[in-house]
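> Predicted model follows, preceded by the sequence.
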Amino acid sequence: MSGTETPSPSLPGNDPAGMQAFAVLLRRMNTEFNRITHEFAQGQGLHLTDVQALMAILDADADEGPMTPGRLRDRLDLTSGAVTACIDRLEKAGHIRRVRALDDRRVVHLHYEEAARSVAADFFRPLARGTEAARSRFTREELTAVTRFLTEMNRELALLGRHTS
């Protein structure tokens, strides 16, 4: 997963900052992330949806508080039954735990277990090293621009998802 041994494939067209180049690069990156995620899911005996749920729990917006089953259902666009089955599998596998909110016992918070973080960190360490290797080839200003682009791209994807459902 280091990615440093193989040269990057060429891009179509003449404009490396053009729409076609962006589309190709984003698809290639998405394909590689999906491949790595599938490998992790298979190695852990999980469904792909389970890994997506783990990422959602891990990346829960701190301003909104811990992830809840309802927010997870909305985030992954699952039925109530499907999200319950997913949470059950993740809890049984030791990846998450359910904790009732102290102020309202009807509310359940989903927390990523430390042991599961360790398993994920071990698996994804080569990806982290590859990310750091790629980052090291850019200036702080370039990384700021890349971060802005990724933030805006995520915002647009989220809006697109809301408009297509």
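Sure, I can see it. Since we're looking at a predicted model, the values are computed, not measured.

> tell me which element the spatially most central residue of the chain is part of?
Nearest to the centroid of the C-alpha atoms of the chain, with distances taken as C-alpha atoms, centre = their mean, sits residue 55, at 4.9 Å. Residue 55 belongs to helix 48-58 when assigned by DSSP states H and E.

> Per-residue pLDDT of residue 69, please?
Model confidence at residue 69, given as pLDDT, is 96.

> ranges for the strands of the protein?
96-100, 108-112 (DSSP state E).

> Please identify the deepest-packed of these.
strand 108-112 (a mean of 18; mean count of other C-beta atoms under 10 Å). For every residue, glycine as well, the C-beta is placed using N, CA and C.

> who touches residue 153 in this structure?
residue 26 (C-beta atoms under 8 Å, 6 or more residues apart in numbering).

> Local confidence estimate at it?
pLDDT, read off for residue 153, is 93.

> Could you tell me how far it is located from residue 22?
According to C-beta to C-beta, to the nearest Å, residue 153 and residue 22 sit 9 Å apart.

> do residue 120 as well
The value you get for residue 120 to residue 22, if C-beta to C-beta is used, is 29 Å.

> No further queries at this time; thank you.
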